[in-house]
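In: Below are the sequence and a predicted model for it; my questions follow.
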Amino acid sequence: MSKKVEIIWTCQNCGDRYGLTLYRSIWGELPENRSIVMNDTINTTTCPNCGVTSKIPYPFLYTHKNPDFAVWWEPIYDKSIDEEKKRYGNLPGIPDYLTNAPRIEDWEEFKRTILKLETEPKKTARP
Ligand SMILES: [Zn+2]
């Protein structure tokens with residue numbers, strides 16, 4: 001499941017505070033999910049008071065099945081990602097691609113990385 005969190009957002013333009021729901025992780029193999037990433041609307045909000053749209057710098061994990069990969073967008077350092085990785089490390093059956101998901105700060109580079117990984121041929125077993 002894609003994971004979502006509720007936050008209280010303070011509009012950077014007018015200071016209005018309101019609740020909204022953000023993605024913490026998203027399943028990229030679903031076309032509707034992929035499209036909100038590629039058209040830059042994921043984790044954006046339009047202020048009900050002043051109408052200004054903001055992109056929330058909230059780190060989230062993009063996962064994809066077949067090919068299997070995962071990528072973090074991490075615009076600001078998030079130590080809970082370190083903790084999550086540590087927790088994964090202790091769990092059986094967590095695949096490497098999840099534990100070793102790259103953490104990318106730049107939004108455009110994040111999208112380029114997804115496009116690249118989508119087309120990467122499945123890794124075959126090492127000789
Ligand atoms: Zn506002």
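Out: Now that the structure is in, tell me what you want to look at.

In: rest of the way, CA atoms for contacts and neighbours
Out: Will do.

In: Which positions in this structure make contact with the ion?
Out: C11, N13, C14, C47, C50 (C-alpha under 5 Å from the ion).

In: Quick one: mean pLDDT over the strand of greatest length in the chain.
Out: In the chain, taking DSSP state E as the definition, the longest strand is strand 17-27. Averaged over strand 17-27, pLDDT sits at 97.

In: For whichever helix or strand comes after it, buried residues please.
Out: Under the assignment DSSP states H and E, the closest C-terminal helix or strand after strand 17-27 is helix 31-38. Across helix 31-38, burial judged by 16 or more other C-alpha atoms under 10 Å covers R34, V37.

In: what does helix 31-38 rub up against?
Out: I26, W27, G28, I42, K111 (C-alpha atoms under 8 Å, 6 or more residues apart in numbering).

In: do the same with stretch 105-117
Out: In contact with stretch 105-117 (C-alpha under 8 Å, 6+ apart) are residues V37, M38, P67, F69, V71, W72, W73, E74, P75, I76, I104.

In: Please apply the same query to stretch 57-75.
Out: By C-alpha under 8 Å, 6+ apart, stretch 57-75 touches 22-29, 43, 76, 78, 97-98, 101-107, 110, 113-114, 117-118, 120-122.

In: Which residue ranges of this structure form strands?
Out: Under DSSP E, the chain gives strands at 3-10, 17-27, 44-46, 53-55, 60-64, 69-73, 103-104.

In: Could you take those strands and lay them out as CSV, with extra columns for distance to G93 and mean neighbour count?
Out: As requested, those are exported to CSV (distance: least, C-alpha to C-alpha, whole Å; neighbours: other C-alpha atoms under 10 Å):
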stretch, distance to G93, mean neighbour count
strand 3-10, 20, 12
strand 17-27, 19, 16
strand 44-46, 33, 16
strand 53-55, 34, 14
strand 60-64, 16, 23
strand 69-73, 15, 23
strand 103-104, 21, 18
